[in-house]
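*Asks:* return atomic coordinates for the entry below.
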Amino acid sequence: MHQLHPRFRARRSDAGGEHALPCLLDASLPLRSSSPRLHIRGMPEEPITLQGQHIRLEPLRPSHVDGLVSSAAEDPALYRWSPVPQGKVQATEYVKTALAWQDAGTAVPFAIVRASDGTVIGSTRFWNIERWSWPPSHSSHGRNTPDACEIGYTWLARSTIRTGVNTEAKLLMLQHAFCVWRVLRVCFHTDSRNTRSRTALERIGGKFEGILRAHRMAADFIPRDSVRYSIVASEWPGVRHRLVGLLEGRRR
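*Replies:* Residues are numbered from 1 along each chain as shown. All right, here's what the predicted structure looks like:
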């Protein structure tokens, strides 16, 4: 893995050239990501490890099942609005489904792991990964990374709530999306009844886009209304500044 420079870092563009990316980070936050190989359209996304100061996001594997079971069991009532696996059978199927999506090239799932002791404390993923059909005459034609994605299926053990874990996870993922993949948009959906999730997304700078009625099946098996938020590339520097500030506030 390589450490991301706290100032502008030059990376190779999809065409092989060099360009500066607005990935300014506080030097005291050792955020690193693995170096994924270029994506070939139609092929699965390469596994990614994202390393932060207090957590790392590891590629989700069957070996994480027991850890997922333990973390979800801390307080099952916490997951009223989220599809969180309970017990080994559900967790095994949860990982199997996530890896099938990864094989299809539509998702990159992670286990959230505490860096200090390797304990699994939750899960999250990139999904709804979009690759747009840019015309041959367009400068983006043939780019090898996603154009847009969603961050979702995020859940954490009760003991990690309000500790900054979710903030650091979002910083790691958004940084990868905007600085490595160079996406144009990251979006989020949450159950309209999930006020805690809505507050968290607004707190990090997600822009409310509206409510999609009867959008998806809810965790309680009804057609749920989903609240949609997004962050576009031009907003990333401000969102990054806000996330780093929130993490710094936790450390004081």
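*Asks:* buried residues in stretch 143-158, which are they?
*Replies:* Buried residues in stretch 143-158, counted by 16 or more other C-beta atoms under 10 Å: 143, 145-157. Quick note: C-beta positions are derived from backbone N, CA and C, even for glycine.
*Asks:* gap between the two ends of that stretch?
*Replies:* Distance between the two ends of stretch 143-158: 40 Å, counting by C-alpha to C-alpha, to the nearest Å.
*Asks:* likewise stretch 144-152?
*Replies:* End-to-end distance for stretch 144-152: 23 Å, by C-alpha to C-alpha.
*Asks:* can you list the residues that contact that stretch?
*Replies:* For stretch 144-152, contacts defined as C-beta atoms under 8 Å, 6 or more residues apart in numbering pick out 14, 38-41, 124-132, 140, 170, 173-174, 177, 180-189.
*Asks:* what subset of those residues is buried?
*Replies:* Neighbour-count burial within those applies to 39, 124-129, 131, 170, 173-174, 177, 180-189; the criterion is 16+ other C-beta under 10 Å.
*Asks:* how many neighbouring residues does Phe195 have?
*Replies:* Careful, residue 195 is Thr; it's not Phe. 12 (other C-beta atoms under 10 Å).
*Asks:* before we move on, back to that, which of the buried residues of stretch 143-158 lies closest to Gly205?
*Replies:* Of all these, Ile151 has the smallest distance to Gly205: 13.1 Å, by C-beta to C-beta.
*Asks:* three-state assignment of the closest one?
*Replies:* The three-state assignment at Ile151 reads strand, by DSSP: H, G, I helix; E, B strand; the rest coil.
*Asks:* how far away is Ser116 from Gly105?
*Replies:* For Ser116, the distance to Gly105 equals 33 Å [C-beta to C-beta, to the nearest Å].
*Asks:* which one's more surrounded, these two?
*Replies:* Counted by other C-beta under 10 Å, Ser116 and Gly105 do not tie: Gly105 has more neighbours, with 17 against 8.
*Asks:* what pLDDT does that one get?
*Replies:* We have a pLDDT of 92 for Gly105.
*Asks:* please apply the same query to Trp81.
*Replies:* What the model reports as pLDDT for Trp81 is 88.
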